[in-house]
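Participant: Got a sequence here, can you model it:
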Amino acid sequence: MTVSDLFNTLDFSLKRDFGGLFYTNRIKWETQQIKLSFNYRFGNKKIKGPKEFETGVKDEKKRMKQR
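Facilitator: Numbering: from 1, shown residues only. Model (predicted):
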């Protein structure tokens with residue numbers, strides 16, 4: 001479980017003076033989040049994993065060492 005901005009504290013204030021024209025802006029984002037996740041493995045736990053296969057790389061390496 002994760003929680004983001006639990007107390008809703010994220011905000012931004014901006015004050016500007018453009019030659020006598022005063023500008024004030026306050027931005028408040030909706031950032032409160034709670035995330036919950038879980039994992040579950042379906043199926044038979046006794047199933048074998050994928051089989052490994054050979055690509056011929058071992059044979060090539062052996063041939064190169066012999067030269």
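Participant: if I read this right, residue 26 contacts residue 12, doesn't it?
Facilitator: Yes. The pair formed by residue 26 and residue 12 meets the contact definition of CB atoms under 8 Å, at 7.2 Å. All C-beta spots, glycine's among them, are computed from the backbone N, C-alpha and C.
Participant: which residues are in contact with both of those two?
Facilitator: In the contact map built from CB atoms under 8 Å, 6 or more residues apart in numbering, no residue is linked to both residue 26 and residue 12.
Participant: List the buried residues of stretch 22-42.
Facilitator: For stretch 22-42, the buried set under the neighbour-count rule, 16 or more other CB atoms under 10 Å, is empty.
Participant: chain center to that stretch: distance?
Facilitator: How far stretch 22-42 lies from its chain's middle: 15 Å, per CA atoms, centre = their mean, to the nearest Å.
Participant: what mean pLDDT would you report for that stretch?
Facilitator: Rounded to a whole number, the mean pLDDT of stretch 22-42 is 90.
Participant: Between its first and last residues, how far does that stretch reach?
Facilitator: Length of stretch 22-42, first residue to last, CA to CA, to the nearest Å: 62 Å.
Participant: Show residues contacting that stretch.
Facilitator: Outside stretch 22-42, the residues that touch it by CB under 8 Å, 6+ apart are 1-6, 8, 10-17.
Participant: mind redoing it with 7 Å?
Facilitator: Stretch 22-42 is contacted by residues 1-6, 8, 10-16 when judged by CB atoms under 7 Å, 6 or more residues apart in numbering.
Participant: Format those residues as JSON lines; extra columns: secondary structure.
Facilitator: Rendered in JSON lines, the data for the contacts of stretch 22-42 read as follows (DSSP: H, G, I helix; E, B strand; the rest coil):
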{"residue": "1", "secondary structure": "coil"}
{"residue": "2", "secondary structure": "strand"}
{"residue": "3", "secondary structure": "strand"}
{"residue": "4", "secondary structure": "strand"}
{"residue": "5", "secondary structure": "coil"}
{"residue": "6", "secondary structure": "coil"}
{"residue": "8", "secondary structure": "coil"}
{"residue": "10", "secondary structure": "coil"}
{"residue": "11", "secondary structure": "strand"}
{"residue": "12", "secondary structure": "strand"}
{"residue": "13", "secondary structure": "strand"}
{"residue": "14", "secondary structure": "strand"}
{"residue": "15", "secondary structure": "strand"}
{"residue": "16", "secondary structure": "strand"}
